[in-house]
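1. Quick one, structure for this:
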Amino acid sequence: MNWDIEAGCQSIDPDVFFPDRPSDRAAAAKAICRGCPVRTQCLEFALAARLDHGVWGGLNEVERRSLRRSRQRKARRTEAAA
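-> Numbers count the residues shown, from 1 in each chain. Below you'll find the predicted structure:
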C-alpha cells in the first residue's frame, strides 16, 4: 500500500512541515497529523529512513530522535532479559 496517497497533508504546503527551527509552526503541522489516517505509517517511515528534519507522523526531529533512542533502549533491555 502506498500510504502517502492517503496522507492528510497531500494538499498542504510542504513548508508547514519543514519549518526553519523545530518549534516554528510545528503546532500547525502536528494538528494536521493528528487527524491523518496514515499517521503511524508516516512516523514509521521517517524513523526507518532516519529523516532528521521536518514533522513526520506528528513528531518533529527532536521528538523522533527521542522515540528512536527509547525504542533502542527497550530493545536492548529485552535482549538482555532473554
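2. Stretch 75-82: which residues count as buried?
-> For stretch 75-82, burial by neighbour count (16 or more other C-beta atoms under 10 Å) applies to no residue. (C-beta placed from N, C-alpha, C; glycine too.)
3. now stretch 39-55
-> Applying 16+ other C-beta under 10 Å to stretch 39-55 flags 39, 41-43, 46-47, 54-55 as buried.
4. could I get those residues as JSON lines with secondary structure, pLDDT and distance to Q10?
-> Conversion of the buried residues of stretch 39-55 to JSON lines gives the following (DSSP: H, G, I helix; E, B strand; the rest coil; pLDDT from 0 to 100; distance: C-beta to C-beta, whole Å):
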{"residue": "R39", "secondary structure": "helix", "pLDDT": "97", "distance to Q10": "13"}
{"residue": "Q41", "secondary structure": "helix", "pLDDT": "97", "distance to Q10": "14"}
{"residue": "C42", "secondary structure": "helix", "pLDDT": "97", "distance to Q10": "12"}
{"residue": "L43", "secondary structure": "helix", "pLDDT": "97", "distance to Q10": "17"}
{"residue": "A46", "secondary structure": "helix", "pLDDT": "96", "distance to Q10": "16"}
{"residue": "L47", "secondary structure": "helix", "pLDDT": "96", "distance to Q10": "21"}
{"residue": "G54", "secondary structure": "coil", "pLDDT": "93", "distance to Q10": "15"}
{"residue": "V55", "secondary structure": "coil", "pLDDT": "95", "distance to Q10": "15"}
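5. Pick out whichever of those sits closest to I32.
-> V55 (8.5 Å; C-beta to C-beta).
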